[in-house]
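A.B. asks: got a sequence here, can you model it:
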Amino acid sequence: MTQEKPMLGVRRRDAERTRAELIEVATEEFAERGYSGARVDEIADRTRTTKRMIYYYFGGKEQLYLAVLERAYAEIRAAERAVDVDHLDPIAAVRKLAEVTFDHHEAHPAFIKLVGVENAQHAKHMNHVAGLVDLNSSAVAVLGGILERGVELGIFRSDVDALDVHMLISSFCFFRVANRHTFGALFDRDLLDPARRDFYRNMLGDLVTGYLRMKED
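C.D. replies: Numbers count the residues shown, from 1 in each chain. Sure, this is the predicted structure:
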(Lines give C-alpha, C1' and ligand atoms only; values in the text may rest on other atoms or scores of the structure.)
Protein backbone atom coordinates (compact mmCIF):
# COMPACT_ATOMS: atom_id res chain seq x y z
CA MET A 1 0.00 0.00 0.00
CA THR A 2 2.89 2.40 0.75
CA GLN A 3 4.05 2.19 -2.88
CA GLU A 4 0.68 2.93 -4.49
CA LYS A 5 0.71 6.73 -4.27
CA PRO A 6 4.25 7.14 -5.65
CA MET A 7 3.44 4.75 -8.50
CA LEU A 8 0.27 6.68 -9.31
CA GLY A 9 2.30 9.87 -9.41
CA VAL A 10 4.81 8.35 -11.82
CA ARG A 11 2.06 7.04 -14.09
CA ARG A 12 0.36 10.42 -14.07
CA ARG A 13 3.59 12.20 -15.02
CA ASP A 14 4.25 9.65 -17.77
CA ALA A 15 0.73 10.15 -19.12
CA GLU A 16 1.12 13.93 -19.10
CA ARG A 17 4.49 13.68 -20.84
CA THR A 18 3.09 11.33 -23.50
CA ARG A 19 0.08 13.56 -24.08
CA ALA A 20 2.29 16.65 -24.42
CA GLU A 21 4.55 14.88 -26.90
CA LEU A 22 1.56 13.79 -28.98
CA ILE A 23 0.24 17.35 -29.10
CA GLU A 24 3.68 18.66 -30.07
CA VAL A 25 4.03 16.28 -33.02
CA ALA A 26 0.37 16.67 -33.98
CA THR A 27 0.86 20.43 -34.12
CA GLU A 28 3.55 19.99 -36.76
CA GLU A 29 1.48 17.45 -38.68
CA PHE A 30 -1.69 19.54 -38.80
CA ALA A 31 0.26 22.70 -39.57
CA GLU A 32 2.06 21.12 -42.52
CA ARG A 33 -0.74 18.98 -43.96
CA GLY A 34 -3.93 20.64 -42.79
CA TYR A 35 -6.74 18.86 -41.00
CA SER A 36 -7.75 16.61 -43.90
CA GLY A 37 -4.21 15.74 -44.92
CA ALA A 38 -2.88 14.99 -41.44
CA ARG A 39 -2.64 11.30 -40.58
CA VAL A 40 -2.96 9.84 -37.11
CA ASP A 41 -0.76 6.93 -38.18
CA GLU A 42 2.05 9.35 -39.00
CA ILE A 43 1.73 11.03 -35.62
CA ALA A 44 1.86 7.62 -33.95
CA ASP A 45 4.97 6.63 -35.89
CA ARG A 46 6.78 9.86 -35.06
CA THR A 47 6.02 9.52 -31.36
CA ARG A 48 6.83 5.79 -31.32
CA THR A 49 3.38 4.99 -29.99
CA THR A 50 0.23 3.46 -31.45
CA LYS A 51 -2.90 4.79 -33.06
CA ARG A 52 -4.86 3.08 -30.32
CA MET A 53 -2.92 5.03 -27.68
CA ILE A 54 -3.73 8.33 -29.41
CA TYR A 55 -7.40 7.43 -29.40
CA TYR A 56 -7.08 6.47 -25.74
CA TYR A 57 -5.71 9.89 -24.79
CA PHE A 58 -7.82 12.06 -27.09
CA GLY A 59 -10.73 10.01 -28.46
CA GLY A 60 -10.01 10.59 -32.14
CA LYS A 61 -8.40 12.76 -34.79
CA GLU A 62 -10.78 15.68 -34.33
CA GLN A 63 -10.31 15.73 -30.58
CA LEU A 64 -6.54 15.69 -31.06
CA TYR A 65 -6.83 18.62 -33.48
CA LEU A 66 -8.95 20.52 -30.95
CA ALA A 67 -6.31 19.92 -28.29
CA VAL A 68 -3.68 21.28 -30.68
CA LEU A 69 -5.73 24.42 -31.32
CA GLU A 70 -6.37 24.94 -27.63
CA ARG A 71 -2.70 24.69 -26.73
CA ALA A 72 -1.65 26.96 -29.61
CA TYR A 73 -3.90 29.77 -28.42
CA ALA A 74 -3.18 29.13 -24.76
CA GLU A 75 0.54 29.62 -25.39
CA ILE A 76 0.23 33.08 -26.90
CA ARG A 77 -2.27 34.17 -24.26
CA ALA A 78 0.15 32.94 -21.56
CA ALA A 79 2.96 34.96 -23.13
CA GLU A 80 0.76 38.07 -23.00
CA ARG A 81 -0.22 37.46 -19.37
CA ALA A 82 3.43 37.18 -18.42
CA VAL A 83 3.87 40.89 -19.20
CA ASP A 84 3.32 43.06 -16.12
CA VAL A 85 1.52 45.85 -17.99
CA ASP A 86 0.01 47.36 -14.83
CA HIS A 87 3.35 48.89 -13.90
CA LEU A 88 4.00 50.37 -17.36
CA ASP A 89 2.65 53.62 -18.69
CA PRO A 90 -0.06 53.08 -21.37
CA ILE A 91 2.23 53.75 -24.34
CA ALA A 92 4.93 51.39 -23.06
CA ALA A 93 2.30 48.78 -22.15
CA VAL A 94 0.71 48.73 -25.61
CA ARG A 95 4.11 48.65 -27.27
CA LYS A 96 5.18 45.77 -25.04
CA LEU A 97 2.08 43.72 -25.86
CA ALA A 98 2.68 44.35 -29.57
CA GLU A 99 6.27 43.17 -29.20
CA VAL A 100 5.16 40.01 -27.40
CA THR A 101 2.84 39.17 -30.31
CA PHE A 102 5.59 39.98 -32.79
CA ASP A 103 8.07 37.69 -31.03
CA HIS A 104 5.59 34.86 -30.52
CA HIS A 105 4.38 34.78 -34.12
CA GLU A 106 7.93 34.73 -35.41
CA ALA A 107 8.95 31.95 -33.02
CA HIS A 108 5.83 29.81 -33.71
CA PRO A 109 5.30 29.50 -37.48
CA ALA A 110 3.18 26.41 -36.85
CA PHE A 111 0.67 28.61 -35.03
CA ILE A 112 0.39 30.81 -38.13
CA LYS A 113 -0.21 27.77 -40.32
CA LEU A 114 -2.82 26.37 -37.93
CA VAL A 115 -4.74 29.64 -38.02
CA GLY A 116 -4.63 29.45 -41.80
CA VAL A 117 -5.89 25.86 -41.74
CA GLU A 118 -8.79 26.80 -39.49
CA ASN A 119 -9.69 29.83 -41.59
CA ALA A 120 -9.72 27.65 -44.71
CA GLN A 121 -12.36 25.55 -42.92
CA HIS A 122 -14.34 28.64 -41.84
CA ALA A 123 -13.34 28.05 -38.20
CA LYS A 124 -15.71 25.11 -37.94
CA HIS A 125 -13.65 23.35 -35.26
CA MET A 126 -13.03 26.33 -32.98
CA ASN A 127 -16.57 26.38 -31.69
CA HIS A 128 -15.94 22.94 -30.20
CA VAL A 129 -12.97 24.03 -28.08
CA ALA A 130 -14.33 24.69 -24.62
CA GLY A 131 -13.15 27.97 -23.15
CA LEU A 132 -11.36 29.21 -26.28
CA VAL A 133 -13.56 32.29 -26.62
CA ASP A 134 -13.09 33.21 -22.95
CA LEU A 135 -9.36 32.59 -23.23
CA ASN A 136 -8.98 35.02 -26.10
CA SER A 137 -11.48 37.54 -24.74
CA SER A 138 -9.26 37.96 -21.69
CA ALA A 139 -6.45 39.21 -23.92
CA VAL A 140 -8.72 41.88 -25.39
CA ALA A 141 -9.83 42.80 -21.86
CA VAL A 142 -6.22 43.40 -20.79
CA LEU A 143 -5.67 45.59 -23.82
CA GLY A 144 -8.92 47.40 -23.09
CA GLY A 145 -7.74 48.23 -19.59
CA ILE A 146 -4.56 49.78 -20.97
CA LEU A 147 -6.52 51.85 -23.47
CA GLU A 148 -8.84 53.10 -20.71
CA ARG A 149 -5.85 54.25 -18.67
CA GLY A 150 -4.46 56.02 -21.71
CA VAL A 151 -7.75 57.82 -22.33
CA GLU A 152 -8.03 58.87 -18.68
CA LEU A 153 -4.52 60.33 -18.81
CA GLY A 154 -5.31 62.22 -21.99
CA ILE A 155 -2.72 60.23 -23.95
CA PHE A 156 -4.97 58.08 -26.15
CA ARG A 157 -7.92 59.08 -28.26
CA SER A 158 -11.28 58.02 -26.86
CA ASP A 159 -12.78 56.53 -30.04
CA VAL A 160 -10.67 53.40 -29.99
CA ASP A 161 -11.84 49.82 -29.69
CA ALA A 162 -9.64 47.21 -28.02
CA LEU A 163 -10.63 44.52 -30.50
CA ASP A 164 -9.64 46.74 -33.42
CA VAL A 165 -6.25 47.41 -31.84
CA HIS A 166 -5.82 43.68 -31.26
CA MET A 167 -6.61 43.13 -34.94
CA LEU A 168 -4.08 45.77 -35.98
CA ILE A 169 -1.31 44.12 -33.98
CA SER A 170 -2.20 40.60 -35.09
CA SER A 171 -2.49 41.61 -38.74
CA PHE A 172 1.03 42.98 -38.92
CA CYS A 173 2.57 40.02 -37.07
CA PHE A 174 0.58 37.40 -38.97
CA PHE A 175 1.27 38.88 -42.41
CA ARG A 176 4.99 39.05 -41.77
CA VAL A 177 5.21 35.30 -41.15
CA ALA A 178 2.36 33.91 -43.27
CA ASN A 179 3.22 35.91 -46.40
CA ARG A 180 6.97 35.72 -46.14
CA HIS A 181 7.47 33.61 -49.26
CA THR A 182 4.93 35.24 -51.56
CA PHE A 183 6.06 38.72 -50.51
CA GLY A 184 9.66 37.72 -51.13
CA ALA A 185 8.85 36.33 -54.58
CA LEU A 186 7.05 39.52 -55.58
CA PHE A 187 9.33 42.14 -54.04
CA ASP A 188 12.60 40.29 -53.35
CA ARG A 189 12.51 41.13 -49.66
CA ASP A 190 12.57 38.60 -46.84
CA LEU A 191 10.25 39.82 -44.11
CA LEU A 192 12.06 37.57 -41.62
CA ASP A 193 15.51 38.85 -42.51
CA PRO A 194 17.33 39.15 -39.13
CA ALA A 195 18.94 42.38 -40.29
CA ARG A 196 15.51 44.04 -40.53
CA ARG A 197 13.92 42.41 -37.47
CA ASP A 198 14.40 45.31 -35.05
CA PHE A 199 13.21 47.74 -37.70
CA TYR A 200 9.93 45.85 -38.19
CA ARG A 201 9.47 45.37 -34.45
CA ASN A 202 9.83 49.11 -33.87
CA MET A 203 7.62 49.85 -36.88
CA LEU A 204 4.80 47.85 -35.30
CA GLY A 205 5.10 49.72 -32.02
CA ASP A 206 5.14 53.06 -33.83
CA LEU A 207 2.11 52.13 -35.93
CA VAL A 208 -0.01 51.11 -32.96
CA THR A 209 0.96 53.90 -30.59
CA GLY A 210 0.75 56.44 -33.40
CA TYR A 211 -2.82 55.38 -34.13
CA LEU A 212 -3.76 55.57 -30.46
CA ARG A 213 -2.27 58.93 -29.58
CA MET A 214 -4.60 61.84 -28.95
CA LYS A 215 -4.78 64.07 -31.99
CA GLU A 216 -3.65 67.62 -31.44
CA ASP A 217 -6.00 70.44 -32.42
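A.B. asks: buried residues in the helix or strand of the chain with the lowest mean pLDDT?
C.D. replies: Here the helix or strand of the chain ranked lowest by mean pLDDT, DSSP states H and E is helix 4-37, holding a mean of 80. By neighbour count, and taking 16 or more other CB atoms under 10 Å as the criterion, the buried residues in helix 4-37 are 18-19, 22-31, 34-35. Every residue, glycine included, has its C-beta placed from N, CA and C.
A.B. asks: go on, stretch 131-139?
C.D. replies: Across stretch 131-139, burial judged by 16+ other CB under 10 Å covers 132, 135-136, 139.
A.B. asks: closest to residue 210 among these?
C.D. replies: residue 139 (21.6 Å; CB to CB).
A.B. asks: distance of that closest one from residue 33?
C.D. replies: 28 Å (CB to CB, to the nearest Å).
A.B. asks: pull the contacting residues for the nearest residue to residue 29 once chain neighbours are set aside.
C.D. replies: Taking CB to CB, 6 or more residues apart in numbering as the measure, residue 29 lies nearest to residue 38, with 4.6 Å between them; neighbours along the chain are not counted. When the contact criterion is CB atoms under 8 Å, 6 or more residues apart in numbering, the partners of residue 38 are 26, 29-30, 32, 61, 65.
A.B. asks: can I get these in JSON lines with distance to residue 180?
C.D. replies: Formatted as JSON lines, the contacts of residue 38 follow (distance: CB to CB, whole Å):
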{"residue": "26", "distance to residue 180": "24"}
{"residue": "29", "distance to residue 180": "21"}
{"residue": "30", "distance to residue 180": "20"}
{"residue": "32", "distance to residue 180": "16"}
{"residue": "61", "distance to residue 180": "29"}
{"residue": "65", "distance to residue 180": "25"}
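A.B. asks: wait, doesn't residue 170 sit right on residue 101?
C.D. replies: Yes. With contact taken as CB atoms under 8 Å, residue 170 and residue 101 are classed as touching, separated by 6.5 Å.
A.B. asks: which of the two has more neighbours?
C.D. replies: A count of neighbours by other CB atoms under 10 Å puts residue 101 above the other of residue 170 and residue 101, at 21 against 15.
A.B. asks: so which strand or helix has that one?
C.D. replies: For residue 101, the host element (DSSP states H and E) is helix 90-107.
A.B. asks: following that helix, which helix or strand comes up?
C.D. replies: In the C-terminal direction, the helix or strand that comes right after helix 90-107 (DSSP H and E) is helix 109-120.
A.B. asks: buried ones in that following helix?
C.D. replies: The neighbour-count check on helix 109-120 (16+ other CB under 10 Å) flags 110-115, 117-118 as buried.
A.B. asks: circling back: got the buried residues of stretch 131-139 as TSV, with distance to residue 47 and pLDDT columns?
C.D. replies: As requested, the buried residues of stretch 131-139 are exported to TSV (distance: CB to CB, whole Å; pLDDT from 0 to 100):
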residue	distance to residue 47	pLDDT
132	25	84
135	26	82
136	29	84
139	31	84
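A.B. asks: would you list those residues in JSON lines and tack on distance to residue 186 and secondary structure?
C.D. replies: Output for those, formatted as JSON lines (distance: CB to CB, whole Å; DSSP: H, G, I helix; E, B strand; the rest coil):
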{"residue": "132", "distance to residue 186": "34", "secondary structure": "helix"}
{"residue": "135", "distance to residue 186": "36", "secondary structure": "helix"}
{"residue": "136", "distance to residue 186": "32", "secondary structure": "helix"}
{"residue": "139", "distance to residue 186": "32", "secondary structure": "helix"}
